[in-house]
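Peer 1: fold the following for me, if possible:
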Amino acid sequence: MADQNILLVVEDLSVDFETRSDSHKAIESVSMDVHSGETLAIVGESGSGKSVTSLAIMGLIRKPGVIRSGKVMFNGTDLLALSSRQRRAYLGRDITMIFQEPAVSLNPSYTVGYQIIEVLKLHLKMRSAECRKRALKLLHKVGISDPLSCFKSYPHQLSGGMNQRIMIAMAISCKPSLLIADEPTTALDVTVQAQILVLLRQLQKNNNMGMIFITHDLSLIPDIAQRVLVMYAGQVVESCTTDDLLQGPLHPYTKALLKSLPAHHTNKNACLTTINGAPPRAGERISGCRFHTRCSYVNEHCRESTPELIAAVPEDPRLVRCFYPLSVDSKTSPGRA
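Peer 2: Residues are numbered from 1 along each chain as shown. This next block holds a predicted model:
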């Protein structure tokens, strides 16, 4: 992709959470870029740092969290170097976010219409009559069959799928260049989940919008994303295209995640594959590779030294944080065969 299509460049982003006596790294040296019209997925287990990364990009980290280092370049402007007031000019207009729980994000005390109108008034300075017309069009655009009824309703009167559509309508109301979707389908049933994915793809195509799609469910990735970042314990452990990841993961953690998917198993009577152990607890300090306590290929080098995120093969765009990355067919690993 041409450089002029780059919307977002994140460089070495690190966030700590402080206690009275100590601090722990929530994310460490996270880097990525997002282009117009493409979707970058960020995947990993709960607690891997996905949501903290998205909040840090938006500048929404609050105490005890602290952004220790890094740059978030949006169309050439470092958002982290701006004051809160300057940053607000971008958030909600040029960059928007869909949060995990629409029931929490929407205010139960106000109607859906009132909340959409407030967004339009704040960012586009539109009159009330124009806002009402625009809000009804947005509700129709996100697939709500009776926009007027929805407009007059309170969030608690609507289903989870309807509320998520409302959140999407609010997120695209100002025609953003970049949308961050943090687990937007987690609380939805499979049918509604599929509808939301189709809706996001359509909106992205129509608006040439860049998107960061955050999920713990790798089965969603082929339907939505062109590239993937895999995170574990606050670090990016693999970065590649979706096709490359599905055809042959390079990191043992990525391989284990893929093997745990039901679709991976052809024998319906077989037990699902699990990853032994659990991710590090918040504040837990682990020497060496952070995945070594759960890795099937671990050796002493992994326990004692920390791998960098580098190209597995010189000049290969795929990046992996592993001393012994798996081969392309994911069956063996150099030095372990």
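Peer 1: for the rest of this, base every contact and every neighbour count on C-alpha atoms.
Peer 2: Noted.
Peer 1: compute the first-to-last residue distance for stretch 153-163.
Peer 2: 11 Å (Cα to Cα, to the nearest Å).
Peer 1: quick one: secondary structure of the residue of the chain most remote from its centre?
Peer 2: Computed with Cα atoms, centre = their mean, the residue of the chain farthest from its C-alpha average is residue 129, at 35.2 Å. Following DSSP: H, G, I helix; E, B strand; the rest coil, the label given to residue 129 is helix.
Peer 1: okay, it and residue 179: tell me how far apart.
Peer 2: 27 Å.
Peer 1: show me what contacts residue 46?
Peer 2: Counting by Cα atoms under 8 Å, 6 or more residues apart in numbering, residue 46 makes contact with residue 216.
Peer 1: what about residue 114, how many residues nearby?
Peer 2: When neighbours are counted by other Cα atoms under 10 Å, residue 114 registers 17.
Peer 1: which stretches of this structure form strands?
Peer 2: With DSSP state E as the criterion, the chain has strands at 6-18, 23-35, 39-43, 65-74, 77-78, 95-98, 178-182, 210-215, 227-232, 235-241, 310-311, 319-320.
Peer 1: what about residue 16, distance to residue 103?
Peer 2: 28 Å.
Peer 1: and if you look at residue 269?
Peer 2: Taking Cα to Cα, one finds residue 269 at 37 Å from residue 103.
Peer 1: which one's more surrounded, these two?
Peer 2: The neighbour count for residue 269 versus residue 103, taken as other Cα under 10 Å, is higher for residue 103 (17 against 7).
Peer 1: domains for the chain, by residue range?
Peer 2: For the chain, automatic domain parsing gives the domain ranges 3-225, 254-320.
Peer 1: can I get those domains in CSV with mean pLDDT?
Peer 2: Shown next, in CSV, are those (pLDDT from 0 to 100):
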stretch, mean pLDDT
domain 3-225, 93
domain 254-320, 87
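Peer 1: please name the residues that touch residue 170.
Peer 2: Here residue 170 is in contact with 116, 119, 138 (Cα under 8 Å, 6+ apart).
Peer 1: please name the bridge partners of the closest residue to residue 283 other than its chain neighbours.
Peer 2: Closest residue in space to residue 283, ignoring its immediate chain neighbours: residue 24 at 4.6 Å, by Cα to Cα, 6 or more residues apart in numbering. Beta bridges link residue 24 to residue 17 when assigned by DSSP bridges.
Peer 1: does residue 24 touch residue 14 like I think?
Peer 2: No: the pair residue 24 and residue 14 fails to qualify as a contact (Cα atoms under 8 Å) at a distance of 10.8 Å.
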